[in-house]
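Peer 1: I'll drop the sequence and a predicted model, then ask my questions.
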Amino acid sequence: MYKLSTEALLEKAITTPELTHEELVQLLSLPDEQIPQLMAAADTVRQNTVGNAVHLRGIIEFSSYCKQHCAYCGLRADNREIERYRLSPEIILETAQAAVDTGYHTLVLQCGEDMKIAPETIAELTTEIKQMGAAVTLSCGERSYEVYQLWRKAGADRYLIKHETADPALYKSIRPGHTLYERLQCQHWLKELGYQLGSGCMIGLPGQTVDILARDLELMKEMEVEMCGMGPFIPHAQTPLHFGNTGSISMTLKMMAAARIYMPWMMLPATTALVSLHPEGRELALRAGANVIMPNVSPETTRSLYQIYPGKLNHRDSMTDYYNKITALVEAEGRTVGTDLGHSIYTAYHQ
């Protein structure tokens, strides 16, 4: 098969997202010295489709309890060495109101799969936060269709549930007792119910290949995903994958840039995992096409306890000071902080 030169492929990528599997693999296989060219192409696509706005979405991590046994996650039920916590509804709402008052237009309620928090409680929290004038993203794992429906009716706008890997065998190895089909069933339900769907994958998992990473991008496009969170795999000492190597920053940037090129409409975050590994992770992500930053607005008393992976970035600034720091970073990159709710442009893009 005829192979385009890197320059020709990047020129094509700026004008059309219709890339073949082989072309995605070619982009993800570029040597490090050509990554700036790839990032520049992605930045051009970002400018032409979603503009200069960077949307700040405040994350409230409200429970570290989880029933699952994921081989990569420090919150896995088998881990007896971490301190668990569960925020009260009053604290969650107090934190949410402070975030809205600070300037956040979207709040992300995230937890492990904590079955002791009733779905109705999360529904009530969603409704009350919506009444504050913010959009609500939920990230509470695999649930039934009925629970997703309850939360959607309560006002939830978006749901983040990463597919983690598009390879069924690799998926089964990192999520014992579960299948990729089950995960995608949840995503289908969420789309059916009208959620804006967020997905994503880890980069650098043991056994992962460039071909699998290209299939990750293809799967997200097939699922009509509207937000894509991708970060480097960081091994946790209290998990079965403690032996793995940390995912590379260069491959993470290539995946982010390729995602922007291949799915121009995407809400693409600068993930905390990338920032945890590189002091300029946010800046690099923004230059690779990112248009979302998700600062942690959880109470300082629990902020360090949500340890999905070790070395996770935690800050000690007040909510206002940290918001101002992120705003200054965005503006230093020649970008602006979004002032609207930051809803997906997927439908408008495809009209």
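Peer 2: Here it is on my side, so go on.

Peer 1: Give me the pLDDT for the residue nearest to Gln34 when sequence neighbours are not counted.
Peer 2: Closest residue in space to Gln34, ignoring its immediate chain neighbours: Thr6 at 5.9 Å, by Cβ to Cβ, 6 or more residues apart in numbering. Glycine gets a C-beta too; all of them are placed from N, C-alpha and C. Thr6 is assigned a predicted lDDT (pLDDT) of 91.

Peer 1: can you give me phi and psi for Thr6?
Peer 2: The phi/psi pair for Thr6 (degrees, to the nearest 10) reads phi -60, psi -40.

Peer 1: contacting residues for Asn291?
Peer 2: Applying Cβ atoms under 8 Å, 6 or more residues apart in numbering, we find Asn291 in contact with 46, 50, 53-55, 267-268.

Peer 1: In strands, which of these fall?
Peer 2: 53-55 (DSSP state E).

Peer 1: His21 touches Asp216, doesn't it?
Peer 2: No. Using Cβ atoms under 8 Å, His21 and Asp216 do not qualify as a contacting pair, with a distance of 11.6 Å.

Peer 1: more crowded one of the two?
Peer 2: Asp216 (28 against 12; other Cβ atoms under 10 Å).

Peer 1: re the thing from before, report the contact partners of the residue nearest to Gln34.
Peer 2: Thr6 sits in contact with 26, 30, 34, 37, where contact means Cβ under 8 Å, 6+ apart.

Peer 1: which SSE is Tyr159 in?
Peer 2: Taking DSSP states H and E as the definition, Tyr159 sits inside strand 158-160.

Peer 1: swap in Gln238?
Peer 2: Assigned by DSSP H and E, Gln238 belongs to no helix or strand.

Peer 1: What's the separation between the closest residue to Leu180 other than its chain neighbours and Thr126?
Peer 2: Sequence neighbours aside, Tyr171 is the residue nearest to Leu180 in space, at 4.2 Å (criterion: Cβ to Cβ, 6+ apart). Tyr171 is 29 Å from Thr126, where distance means Cβ to Cβ, to the nearest Å.

Peer 1: Comparing those two, which residue is more hemmed in?
Peer 2: Per other Cβ under 10 Å, whichever of Tyr171 and Thr126 has more neighbours is Thr126, with 23 against 20.

Peer 1: Could you measure from that one over to Thr301?
Peer 2: Thr126 is 23 Å from Thr301, where distance means Cβ to Cβ.

Peer 1: Ok, Pro17 next?
Peer 2: Going from Pro17 to Thr301 by Cβ to Cβ gives 44 Å.

Peer 1: Ok, Glu146 next?
Peer 2: 34 Å.

Peer 1: Kindly report the same for Lys130.
Peer 2: Going from Lys130 to Thr301 by Cβ to Cβ gives 26 Å.

Peer 1: So which of the two has more stuff around it?
Peer 2: Neighbours were counted for Lys130 and for Thr301 using other Cβ under 10 Å; Lys130 has more, 16 against 10.

Peer 1: Hmm, that one is touching Arg152, no?
Peer 2: No. Shown here, Lys130 and Arg152 do not form a contact pair, counting by Cβ under 8 Å, at 11.7 Å.

Peer 1: Low-confidence regions, the stretch 1-150 of the chain specifically.
Peer 2: Counting by pLDDT under 70, the stretch 1-150 of the chain has low-confidence residues at 1-2.

Peer 1: Just give me the residue closest to the centre of the chain.
Peer 2: For the chain, Gly229 is the residue whose C-alpha lies nearest the centre (Cα atoms, centre = their mean; 2.5 Å).

Peer 1: residues in contact with the nearest residue to Ile212 once chain neighbours are set aside?
Peer 2: In space, and not counting its chain neighbours, Ile212 is closest to Asp167: 4.7 Å by Cβ to Cβ, 6+ apart. By Cβ under 8 Å, 6+ apart, the residues touching Asp167 are 180, 208, 212, 215.

Peer 1: Tally up the residues packed near the third one, please.
Peer 2: The number of residues packed around Ile212, counting by other Cβ under 10 Å, is 16.

Peer 1: what about the closest residue to Leu87 other than its chain neighbours, neighbour count?
Peer 2: The shortest distance from Leu87 to any residue other than its chain neighbours is 4.4 Å, reached at Phe62 (Cβ to Cβ, 6+ apart). For Phe62, the neighbour count with other Cβ under 10 Å is 27.

Peer 1: which SS class is Phe62?
Peer 2: Of the three states, Phe62 takes strand according to DSSP: H, G, I helix; E, B strand; the rest coil.

Peer 1: just His242 next, same as before
Peer 2: Look at His242: counting by three-state DSSP, its state is coil.
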